[in-house]
Every structure is written in C-alpha cells, then in structure tokens.
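Novice: what follows is a protein structure lacking sequence information:
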C-alpha cells in the first residue's frame, strides 16, 4: 500500500511539474514575441574542480530586481523578495559561451534556464596562473539592457589538504525547522538572510575543520542540500553575514532533476548523486560528513560509506528529531562504526568539536575557539 501511495504521489508531482513547465514556457514565448522581457542576467553558481576537471552550473533569468537584505527590513520586504525568488522567469534555449584556461565551450540553457559546464584537460591546471574564474558571455540578446557577461568562481583545493568536508544546510548549519511545517514556513517567509540564525558554534566548527589540525586552512568545504537553487543568493549572504566558510553549494531545482533531465522523486537519491560527484572529482581525498537527524542524512551517509569504502573519515549528525528517530539513527551509527567509520549523534556543536579533537581533525586551541563561538552565538540568538 505504501508503494502504491508513493507511486501515486510521484505521478501527481510529475504531472504538476509538467503543467508548471508548460505554463512557464508559454509565458516566456509570449513575452519574447511581444518584446516584454525584462533585461536578462547570467546567474552563475559556485563551481569546483581539480587539476584536470572543472564543473560549474548556472542559470539565465530575467532580472527580478531583488532588494538587498538589511537588518530591520519588515516582513513585507522579505515576502516580496521571497515571491520574486520563487517566481523567477527563466530563459530557456539561449546560447552562451564559457572561457577558461585557453578553452572555450558553448552551451544552451535547458527548459528551466539552467546550464551545466564541464571542462576537462590532459594538461594539469595551474590555478595560480589561470585564476579561479570562468568567463561567461551570452551569445544572444533579448533586450537592450541585458547583462551579457558574468564570471563563475571555481573552488579548487590547494596543495596541502588533510581532508574534505561535506555538510547539509537546513537544520545542520541554518536553523530551518524542516520537521515542523509551520515553523519552517514562518522562517522562510518572514526572515531575511541577516535575520536567520545559525546553530550556535557551527561557523566556528566549520572554520576549524577547514583549517585542520595543522591550521594551514586548505581543507575544502562542500554544501549538499535539498534547498532550491532559487535560494542561492540568500544562502551566500547568510554564510557571509555569519562568517561561515564559503564553498560550492549543490542545491536542486524544485520538483525536477534537471541535471539528468528526469523527474526527481527522492531527496536522498539526489544527495547521494551530488556526493558521488564530489568524491569522484577528488578520488584521493577522504571526507568528514555533517548532517541532521530530521530527514535522510544518516541513511544517505550510510549508503555512501558502503559505496565508497575507506573514503569517509567520520559523520556528525545533529539531533533535531524525536526519540523514536534517535533510536533509528543510533542503529545506523552502529552499522557505520562496524565498517570502521566514526558516526556521532550530537545535540550541540561543542560535542562534535570535542570528538574532532579526539580524532585529531582539529586541535585543542581550535576547540577553545569553537567553545567561545558557541557561547557568543547562543547569547545573540
């Protein structure tokens, strides 16, 4: 019965997505034909790469004229910006050119305005010479006010790296109340990026992990989240305003898996796919994974441990769920530890930091800094 309900739910969601896509395409064609389009922008998302491979994703959209978030903004301002983010007018089928390290590549946006770029080279990329930016240029123009050029930033690990970090965002870094519908809705609709709260100490903990035990500060950080790409700008501003280390964000389109051109029914499978991409890009690097108990993170990371033996150093799961779910997570943790991987269910950040010191991933001085950050963040929230 459960499978029948799930199949029916997926079929309904697929039908809704098809209708929404059809309406968006019809709207674009009408506005384009009648010359009613607003100026269009290239929205590049953070990319990542190694010495022989680079990946970057982006989107071409009409300019929504989002207002810059400021402390003290009223709910009406944030509601207006939230509406603009989710009611984004994408530009499908438009050509653009990407240039990096002497290579050029042309792509066409898909039905939702997204584009994906992959650069491969047999000659190792020297980022100190090439820089970390890919130049993007639209090859078509829709209005006189179009912004034809943009740059995408590429995160690439340095020469000295101890490990990488993969982290969820909602209820792991950012207080989102995913398991409480009304609480999550209130936060999403009424709080801008400067007013949202991080979990106490999480910024300090991530900074410590990025620096590593030797504090040389080159461990790469990746965010893999079920949040939509529509929230990219809000999340970037949130990270910057709370001094959270930056890194590639791997988000998803609402309702559809446009990376594969198929309907996406499982957030867990989506996350696994993105984590595989990261692990395959850095085959010689081991990772620490961070998530929460509210949704699928424990199961996702357990699956990755099995699929990539020896690649995961440890897993931290923030406890945000009822006792029944805690028992499930502890059961998963026992199975993961049996495979030689540390997995901790923690209620607050300091416990995770203490464990990281014990494992040698950060040092005692950093633990003290994380402790102070926990106290300061708790006071401010």
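Specialist: That came in fine, so what should we check first? The shown structure was predicted, so the numbers you read here are calculated from the model rather than taken from an experiment.

Novice: what residues are bridge-paired with the residue nearest the centre of the chain?
Specialist: Closest residue to the average C-alpha location of the chain: residue 249 at 3.0 Å, with Cα atoms, centre = their mean. Per DSSP bridges, the residues bridged to residue 249 are residue 223.

Novice: contacting residues for it?
Specialist: 45-46, 169, 223, 225, 232, 235-236 (Cβ atoms under 8 Å, 6 or more residues apart in numbering). Yep, even glycine has a C-beta here, placed from its N, CA and C like the rest.

Novice: what's the closest of those residues to residue 299?
Specialist: Closest approach between these and residue 299, by Cβ to Cβ: residue 225, at 15.8 Å.

Novice: count of residues packed around the residue nearest to that closest one when sequence neighbours are not counted?
Specialist: Leaving aside its chain neighbours, residue 225 sits nearest to residue 169 (4.0 Å; criterion: Cβ to Cβ, 6 or more residues apart in numbering). By other Cβ atoms under 10 Å, the residues close to residue 169 number 23.

Novice: what of residue 48?
Specialist: What residue 48 shows, counting by other Cβ under 10 Å, is a neighbour count of 22.

Novice: mean confidence for the strand or helix carrying it?
Specialist: Using DSSP states H and E, residue 48 sits within strand 47-49. Here strand 47-49 scores 97 as its mean pLDDT.

Novice: can you point me to the longest strand in this protein?
Specialist: Criterion DSSP state E: the longest strand present in the chain is strand 53-62.

Novice: report the distance from that strand to the chain centre.
Specialist: Distance of strand 53-62 from the chain centroid (Cα atoms, centre = their mean, to the nearest Å) equals 14 Å.

Novice: helices along the stretch 151-300 of the chain, start to end?
Specialist: Assigned by DSSP state H, counting those that start in this stretch, the stretch 151-300 of the chain shows helices spanning 181-190, 202-211, 232-241, 267-281, 297-307.

Novice: out of these, which gets nearest to residue 174?
Specialist: Of all those, helix 232-241 comes closest under Cβ to Cβ, at 6.5 Å.

Novice: tilt between the closest one and helix 202-211?
Specialist: Angle of helix 232-241 versus helix 202-211, following axes from the mean of the first three to the mean of the last three Cα atoms, to 10 degrees, is 80 degrees.

Novice: counting by contacts, list what helix 232-241 packs against.
Specialist: Taking 3 or more Cβ pairs under 8 Å, 6 or more residues apart in numbering; DSSP states H and E as contact, the helices and strands that helix 232-241 lies on are strand 249-252.

Novice: what mean pLDDT does the strand it packs on have?
Specialist: On average, strand 249-252 scores 93.

Novice: with stretch 368-381 instead?
Specialist: Here the average pLDDT along stretch 368-381 is 87.

Novice: let's have the chain start at 8 instead
Specialist: Renumbered: residue one is now 8, and that last one reads stretch 375-388.

Novice: now that stretch: buried residues?
Specialist: 376-378, 380-381, 384 (16 or more other Cβ atoms under 10 Å).

Novice: what's the closest of the residues you listed to residue 302?
Specialist: residue 384 (23.2 Å).

Novice: measure that closest one to residue 109 for me?
Specialist: Distance from residue 384 to residue 109, counting by Cβ to Cβ, to the nearest Å: 45 Å.

Novice: and residue 45, by the same measure?
Specialist: From residue 45 to residue 109 the distance is 35 Å (Cβ to Cβ).

Novice: between these two, who's got more neighbours?
Specialist: Between residue 45 and residue 109, counted using other Cβ under 10 Å, the more crowded position is residue 45 (16 against 8).

Novice: residues contacting the more buried one?
Specialist: Residue 45 touches 69-70, 96, 150, 152, counting by Cβ under 8 Å, 6+ apart.

Novice: go on, residue 49?
Specialist: Counted by Cβ under 8 Å, 6+ apart, residue 49 has contacts 65-67, 103, 143, 145, 154, 156-157.

Novice: what does residue 260 give?
Specialist: Residue 260 neighbours (Cβ under 8 Å, 6+ apart): 119, 121, 235-236, 271.

Novice: so which of those sits lowest on pLDDT?
Specialist: Among the contacts of residue 260, residue 271 has the lowest pLDDT, at 41.

Novice: where does the prediction get shaky in the stretch 258-388 of the chain?
Specialist: Along the stretch 258-388 of the chain, segments meeting pLDDT under 70 span 261-272, 388.

Novice: err, the stretch 58-207 of the chain, not the other one
Specialist: In the stretch 58-207 of the chain, residues with pLDDT under 70: 72-95, 183-204.

Novice: in it, which spans are strands?
Specialist: Assigned by DSSP state E, counting those that start in this stretch, the stretch 58-207 of the chain shows strands spanning 60-69, 102-107, 110-115, 121-127, 140-145, 156-162, 171-174.
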